[in-house]
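**Student:** sequence and computational prediction follow.
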Amino acid sequence: MWGSFFRMGFRILVRQRKYFLLNLVGLSIGIVAFVFIYLYVENALYYDRSWKNYPHIFRVNETYSTGGKEENMALTPYLLSNKLKDNFPGIIESTRLFFTDPSDKNDVSSVNFQGKMYDIPNLTIGDARIFKIFNYRFTEGNPDSCLLKPNSMVISVAMKQKIFGKNFALGEKLKTSIRTYTVTGVFDRKNRPSHLDFDAVISTNSLDKLEQKQLNTNWFWMNCYTYIELADSVDAGNLMRRINYLTDTAIGHYIKKQNFKIGGYIHLSLQPIQDIHFSQELLYDSHSNINITYLYIFIIVAFFILLMASINYVNFATARSLKRAREIGVRKVIGAFRKQLMVQFISESLIITFSAFILSLSLVELMIPAFNNLVNRQITLVDSLFSGSGLVFGFLLIAFMLLLALFSGSFPAFVISSLEPVEVLGGRGVVFKGKKPYSFTAIGLRKFLVVIQYFVAIGVITSTFIIFAQIHYVKNLPLGFVKKNIVVVNRPADTSFRGRVKGFVEALKSDSAIEQVATASNLPGYLIGKLLLRTGDSSSAHLQTMNGFFVGYHYFDVLKIPFVAGKDFSSFKKNDSTEYFILNQTAVKSLRLEHPLGSFLYTPSAKKGLVVGVVKDFKFSSLHQKVEPLVFVLSPHFVQYVVLRINPAKRHEALSHLQTVWGKFNKGYTLYYTFLDNKLDSLYRSDQKMLSLFSYFSLFVLLISALGLFGLSSFLIEQRTREISIRKVLGGSEKQIVLMLVKEYVALVLVAGILVSPVVYFFTKKWLSSFAYHIHLNVCYFVAGIGLVLLIAFVTVLLQALFMVRKRLAEALKYE
Amino acid sequence: MIETKQLKKVFRSSDIETVALAGINLRVEEGEFVSVMGPSGCGKTTLLNLLGMIDTATSGNYRFMGKDVFQLSEKQITRMRKQNIGFVFQNFNLIEELSILENIELPLIYQGVKKSERKKRVMEVIDRLEITHRKDLLPVQLSGGQQQRVAVARAIVTCPRLLLADEPTGNLDSMHGEEVMNILDELNKEGMTIVMVTHSHHDASYSRRIVHLFDGQIINENLNRI
């Protein structure tokens, strides 16, 4: 029986192409969006859960305070890893990875192989035990021994392919400007989603002996991530207390030995490795971390999209089934049993859902590279859907499709197949005559479902508007300094550059296309140094952690940072006995200085510094935070960056001059430079990503809801063809009739808009409050959201209505 | 009032051409009551649709009240139709969602008649057709005969000069049919021009003239005995 019904179903669907296509497209879009969001969420939840012993792997984080604000960060001192391993037998393995800022490039991060340069985006330094905890699959080399020797380098499969193509990499030499590394291993990142996203690791033994010795004694040099793996029996909470006891004692000794005059505290904590991906509060944490709220929002949106697609499907099915009442009547008269009719409807429904299922999975497979690009992940459909936990999802999806097919097929199957043939064949052509209550619920249900759709559509679109406005606002907020046309040049990895820097700067200035040049170690949007300062030289004076910018001459001139008091560093010469400081206004307030100019500040090692100027507050870090206290320290020899302000009209000339001068002063080193505004924009990359994802969501949602309304209104208006014709015959103008049809849908959109606005208000307000500087919500965003949806609904229905109204009158009035 | 010359209507589907009307020459004078008879499929309804300007002819000439209909714009046709022509259909064509009163009122709304005036005129026709006590019901709640009375009421509420009736008694039993015919007769006597398509010789006997159609052509016209 089923076979012949499927055959019949196919034929009916071929004949009713419009219905079939609407359903197929609507459902497929819904499933595609749902599957993508699922893949993203699954991938995010799977972060750092693929390590063989992940429930027992922890990262050691640090909280410290030296008066004033408490800071939390993911970094710990280099020596911690060994100290922990040596003192606690419950720790099976411990390892450390150097913190590197992937955005901060210089020669060390690119390697030379057979005369060609290759950039390694994320290069770090680690010890031999990394791969004991993080069990990457090795395609070449031995994970246990690969990082033992000095100048060893382990690279990812992607890097290997980039540099060596199909050839083996093991034993090959890679040169940087200062060193030659030997490739000792190739690891595969596939199926290991992790907050660790290094492309290559250099062995810690490559560091020179003196540096290693310093690192092994200094407790205040936080530059490593420390990871530990615990034995099964060890309780992490208990261990943490013992670790803190050990470190407190050790740091106490260290402070005494170094003769530091500081108070405050350091506290270590253990963070389960699988929690890292969602952690947001720590400084120097992984760039790939995401806010888990976004994840929740995505899940909600995914379900809404699927819900909307299902609603469309059910709506189409019910609306169309009314049209088929006559066919059912005929079938019944010629002897169909109800059961047979039900089988027929459900088989049609199955054909549609499974076509949509296959179509959407093919689409997902096709679009997945673009998607990966968008969200910066390496997700594959096969790995996520047809293995492990994905298998469950695959089954659930199939079960859902079945359910949807049954549900949407059952309306016509149960309701219409129960109609008496005489009712539908009575020649009156209207189905639910005499069954008003029922027919009312069918219309009511459809209206309710349409309202839900518009609820979601308006919600998502309004939110997108608000997110867009906020990001636009943040990007264009006056920062208090000039960010346009500022070129930041990274210094070469060569230590002798210090001696050449003066000449380099002078040579750069020789071209008029370059307006001003300064040296610095810190810039807005880049890493910020920390500095301990107190207002008096006795240990009782107030001590405070400050953000520190170490800068050379002309810095304020290049960035055009205005002064409120005093002057810049130009008339001061760096000497050994005195430092020179410039403060921002917030620092003056937080240090409680009444007359900042001429006052002295002291470092813990009792070195004093003279305050020579106060600058106006400017926004030097992400606008998620308010402006913090900041102190500039004159340090013309401590150069990380050379900063240029160029004449925008002569941009090309300036850059080529830079290239020439660089070549003259730094032969053999590669020039790396960035525009400051690009770097600043990258502070909002995760917000930007959120925005682009949201834009796609709203596109999907809009498409589905427009499709839904298009389909539904076309079926409903089609049913009213006769009524429309009668009205025309009675003298109704096209305009009057079209308006009548459109009005009903417009009302639904308005209802949905009024219902959803408070919900959007609540959530976006929460999101906005994560920015220290944000837009204020006003009614415009909501009106715009409702307006856009209204417009789309209006156009959709209008097209349908116009088409219907223009139909030949005599045709529609023909007796059926 | 009506004058057609060589009025032709051809229906084309992808590969078949069907000639519905093959050159009709017809004159209807003001105040006449004309019946159009003929077997099924001979083009009666098509002719009525053309006369009522709800369909367009393939070729030929049609003058309505002295105006060449084919020269008029869509808008002018709509205006002419809504001011001068009323329709009564075999299957009533009432709007299911509207009450009897609202159905009858609709053409007046479309003509832009003021509310108070509308009310007055609707009540007049409702009284006249004796459906006052049912005015708030929906069409489905009425019998066929009652529905057709409503349809007639709706057709004449605008006081059209021409009433086109397409088998007005086709879906009614003889008693209700008789009632409807009496109404039409009365309207005609008051001066309304009526063109009616019918199968029934009895109904046709109410008219003054009968036009016989066969395969899209007029085969004879005869004046009824009075």
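**Tutor:** Good, I have the coordinates. Residues are numbered from 1 along each chain as shown, chains lettered A, B, ... in the order given.
**Student:** export stretch B:204-212 to CSV, keeping only CA atoms.
**Tutor:** In CSV, the C-alpha atoms belonging to stretch B:204-212 read as follows (Å, rounded to 0.1, in the frame of the first residue of the first chain):
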residue,chain,number,x,y,z
ALA,B,204,-38.2,32.5,-20.2
SER,B,205,-41.9,33.1,-20.5
TYR,B,206,-41.6,36.0,-18.2
SER,B,207,-39.5,37.8,-20.7
ARG,B,208,-40.6,39.7,-23.8
ARG,B,209,-38.0,38.3,-26.1
ILE,B,210,-36.0,35.1,-26.3
VAL,B,211,-32.7,34.7,-27.9
HIS,B,212,-31.7,31.2,-28.8
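**Student:** contacts for that stretch next, please.
**Tutor:** B:26, B:32-38, B:181, B:184-185, B:188, B:194, B:196, B:198, B:218-224, B:226 (C-beta atoms under 8 Å, 6 or more residues apart in numbering or on different chains). From N, CA and C alone the C-beta is placed, and that goes for glycine too.
**Student:** whichever of these end up buried, select them in ChimeraX.
**Tutor:** Those of the contacts of stretch B:204-212 that count as buried under 16 or more other C-beta atoms under 10 Å in any protein chain shown are selected in ChimeraX with:
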select /B:26,32,33,34,35,36,37,38,181,184,188,194,196,198,218
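**Student:** which of the contacts of stretch B:204-212 fall in helices?
**Tutor:** Assigned to helices by DSSP state H, the following of the contacts of stretch B:204-212 qualify: B:181, B:184-185, B:188.
**Student:** in the stretch 701-816 of chain A, what residue lies closest to chain B?
**Tutor:** A:Gly731 (2.9 Å; C-beta to the nearest C-beta).
**Student:** and that residue, what does it touch?
**Tutor:** Counted by C-beta under 8 Å, 6+ apart, A:Gly731 has contacts B:78, B:81-82, B:107, B:110-111, B:158.
**Student:** which one (most neighbours) among those?
**Tutor:** Within those, most neighbours by other C-beta atoms under 10 Å in any protein chain shown means B:Pro107, with 24 neighbours.
**Student:** can you pull the contacts of that one?
**Tutor:** Neighbouring residues of B:Pro107 by C-beta under 8 Å, 6+ apart: A:730-731, B:82, B:86, B:154, B:157-158.
**Student:** run the last query once more with 10 Å
**Tutor:** Going by C-beta atoms under 10 Å, 6 or more residues apart in numbering or on different chains, B:Pro107 touches A:727, A:729-732, B:82, B:86-87, B:113, B:118, B:154-158, B:160.
**Student:** counting neighbours, what do you get for the residue nearest to A:Asn291 when sequence neighbours are not counted?
**Tutor:** Nearest residue to A:Asn291 in three dimensions, chain neighbours excluded: A:Gln280, at 5.7 Å (C-beta to C-beta, 6 or more residues apart in numbering or on different chains). A:Gln280 has 13 neighbours, counted by other C-beta under 10 Å.
**Student:** distance of A:Gln280 from A:Tyr294?
**Tutor:** Going from A:Gln280 to A:Tyr294 by C-beta to C-beta, to the nearest Å gives 10 Å.
**Student:** can you tell me the SS state at A:Val186?
**Tutor:** For A:Val186, the assignment made with DSSP: H, G, I helix; E, B strand; the rest coil gives strand.
**Student:** and it, how many residues sit next to it?
**Tutor:** Using other C-beta under 10 Å, A:Val186 is surrounded by 25 other residues.
**Student:** just the ones in helices from the contacts of A:Gly731, please.
**Tutor:** Short answer: the contacts of A:Gly731 in helices (DSSP H) are B:78, B:81-82, B:107, B:110-111.
**Student:** save the residues you listed as JSON lines, and put in pLDDT and distance to A:Glu327 too.
**Tutor:** Formatted as JSON lines, the ones in helices among the contacts of A:Gly731 follow (pLDDT from 0 to 100; distance: C-beta to C-beta, whole Å):
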{"residue": "B:Thr78", "pLDDT": "82", "distance to A:Glu327": "35"}
{"residue": "B:Arg81", "pLDDT": "86", "distance to A:Glu327": "35"}
{"residue": "B:Lys82", "pLDDT": "84", "distance to A:Glu327": "36"}
{"residue": "B:Pro107", "pLDDT": "88", "distance to A:Glu327": "34"}
{"residue": "B:Tyr110", "pLDDT": "83", "distance to A:Glu327": "35"}
{"residue": "B:Gln111", "pLDDT": "84", "distance to A:Glu327": "39"}
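**Student:** may I ask which two of those residues are separated the most?
**Tutor:** With C-beta to C-beta as the measure, no two of the ones in helices among the contacts of A:Gly731 lie farther apart than B:Thr78 and B:Pro107, at 12.1 Å.
**Student:** mind listing the shared neighbours of the two?
**Tutor:** Counting by C-beta under 10 Å, 6+ apart, the residues touching both B:Thr78 and B:Pro107 are A:729, A:731-732.
**Student:** want to throw those residues into TSV with secondary structure and distance to A:Met240?
**Tutor:** Output for the shared contacts of B:Thr78 and B:Pro107, formatted as TSV (DSSP: H, G, I helix; E, B strand; the rest coil; distance: C-beta to C-beta, whole Å):
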residue	secondary structure	distance to A:Met240
A:Val729	helix	85
A:Gly731	coil	85
A:Gly732	coil	79
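**Student:** of those, just say which sits nearest to A:Ile467.
**Tutor:** Proximity of these to A:Ile467, judged by C-beta to C-beta, is greatest for A:Gly732, which lies at 44.7 Å.
**Student:** give the closest residue to the closest one in space, chain neighbours not counted.
**Tutor:** Nearest residue to A:Gly732, sequence neighbours excluded (C-beta to C-beta, 6+ apart): B:Tyr110, at 4.7 Å.
**Student:** who's in contact with the one you found?
**Tutor:** Neighbouring residues of B:Tyr110 by C-beta under 10 Å, 6+ apart: A:727-728, A:730-733, A:736-737, B:78, B:82, B:158.
**Student:** and the contacts of the lowest-mean-pLDDT helix or strand in chain B?
**Tutor:** Lowest by mean pLDDT, DSSP states H and E among the helices and strands of chain B is strand B:217-223, with a mean of 77. Here strand B:217-223 makes contact (C-beta under 10 Å, 6+ apart) with B:19, B:21-27, B:34, B:36, B:38, B:42-43, B:47, B:207-214.
**Student:** in ChimeraX, how would I select just the buried ones from those residues?
**Tutor:** Typed into ChimeraX, the line below selects the buried ones among the contacts of strand B:217-223, using 16+ other C-beta under 10 Å:
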select /B:21,23,24,26,34,36,38,42,43,47,207,208,209,210,211,212,213
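**Student:** next step: the contacts of strand B:217-223 restricted to strands.
**Tutor:** If you go by DSSP state E, the contacts of strand B:217-223 have B:19, B:21-27, B:34, B:36, B:209-214 in strands.
**Student:** which one is the residue in chain B that chain A sits nearest to nearest to, not counting chain neighbours?
**Tutor:** Nearest to chain A, among the residues of chain B, is B:Lys82, at 2.9 Å (C-beta to the nearest C-beta). Counting by C-beta to C-beta, 6+ apart, the nearest residue to B:Lys82 once its immediate chain neighbours are dropped is A:Gly731, at 2.9 Å.
**Student:** list the contacts of the residue most central in space within chain B.
**Tutor:** The centroid of chain B falls nearest to B:Leu164 when counting by C-alpha atoms, centre = their mean (1.7 Å). Neighbour list for B:Leu164: A:729, B:47-49, B:51-54, B:85-89, B:155, B:193-197 [criterion: C-beta under 10 Å, 6+ apart].
**Student:** of the contacts of B:Tyr110, which pair is most distant in space?
**Tutor:** A:Ile737 and B:Thr158 (17.8 Å).
**Student:** need the helix or strand of chain A with the lowest average pLDDT.
**Tutor:** Across the helices and strands of chain A, mean confidence by mean pLDDT, DSSP H and E is lowest for helix A:421-425: a mean of 55.
**Student:** show me how far the helix or strand following that one is from its chain's centre.
**Tutor:** Next helix or strand after helix A:421-425 toward the C-terminus (DSSP states H and E): helix A:436-476. Its chain's C-alpha centre and that of helix A:436-476 lie 24 Å apart, by C-alpha atoms, centre = their mean, to the nearest Å.
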